[in-house]
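Trainee: no sequence for this one, just the structure:
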């Protein structure tokens, strides 16, 4: 093994160890968050126990935003210098972000049934714009699969990922820009919540965001291995 190969192996091993430590730490955080949600945070005076969905619903939406920001950055960098690492980040971010968007939509629908009397209402701007966000990045992944592999697929995907990110601020600010029935969670004053709720939300958010980082890290490694295999088969 050459010196450069040994360095690459050492670096890869260090990254794997870091991902494992992050995964273990996140496991502890998830258990702590679950305990806080179930046993510590009080039930909402108006919504009751169903309000506790908030502790996963909102962090999942934030994690999706950050994953799609990774797709945006990866796409911009790839169009600039055609970095394979940037393209891998974009692919990993899109996959994990789509998972978190799915979680956000499902939990929102479960919450909506007892509160609004329906799992879905088409006139709510946030619900519809979030569904559009899901469709955009599902389309991104589909386009990456059907496009010719290599540079063409990467450039095509980068454009979709960059343009598609426009919907993220639309989702976030939809409750301020239009009249909706969705509660404006992000504009709520922190001091209006009991300390137990604030602590539970903080721990839950940290747990979900770290989970997102770990998932992106592992998906990035899978994409790197896939690229190496494709390059080896092309030789």
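Mentor: Okay, I see it. Everything quoted here is computed from the prediction, not taken from an experiment. Numbers count the residues shown, from 1 in each chain.
Trainee: how much space is there between the spatially most central residue of the chain and residue 193?
Mentor: Central residue of the chain (Cα atoms, centre = their mean): residue 64, 2.6 Å from the mean position. Residue 64 sits 23 Å away from residue 193, taking Cβ to Cβ, to the nearest Å as the criterion. To be clear about C-beta, it is placed using only N, CA and C from the backbone, and glycine gets the same treatment.
Trainee: could you do residue 114 as well?
Mentor: As judged by Cβ to Cβ, residue 114 and residue 193 stand 21 Å apart.
Trainee: who's more crowded, these two?
Mentor: residue 193 (15 against 11; other Cβ atoms under 10 Å).
Trainee: show me the contacts for the residue nearest to residue 181 when sequence neighbours are not counted.
Mentor: Distance criterion Cβ to Cβ, 6 or more residues apart in numbering; nearest residue to residue 181, sequence neighbours excluded, is residue 124 at 5.5 Å. Neighbour list for residue 124: 180, 181, 182 [criterion: Cβ atoms under 8 Å, 6 or more residues apart in numbering].
Trainee: surely the last one touches residue 126?
Mentor: Yes - in this structure residue 182 lies within contact range of residue 126 using Cβ atoms under 8 Å: 4.2 Å.
Trainee: which residues are common contacts for those two?
Mentor: By Cβ under 8 Å, 6+ apart, the residues touching both residue 182 and residue 126 are 174, 175.
Trainee: neighbour count: the two, which is higher?
Mentor: Remark: of residue 182 and residue 126, residue 126 carries more neighbours, 22 against 17, as counted by other Cβ under 10 Å.
Trainee: gap between the residue nearest to residue 181 and residue 116?
Mentor: Plainly put, residue 124 is 9 Å away from residue 116 if you go by Cβ to Cβ.
Trainee: also residue 83?
Mentor: Taken as Cβ to Cβ, the span from residue 83 to residue 116 is 45 Å.
Trainee: residue 158 too?
Mentor: Using Cβ to Cβ, residue 158 is found at 38 Å from residue 116.
Trainee: those two: who's more crowded?
Mentor: residue 158 (24 against 14).
Trainee: is the more buried one in a helix, a strand, or coil?
Mentor: When classified by DSSP: H, G, I helix; E, B strand; the rest coil, residue 158 comes out as helix.
Trainee: how many neighbouring residues does residue 53 have?
Mentor: With neighbours defined by other Cβ under 10 Å, the count for residue 53 comes to 18.
Trainee: could you do the one 4 residues further on as well?
Mentor: The local packing of residue 57 (other Cβ under 10 Å) involves 21 other residues.
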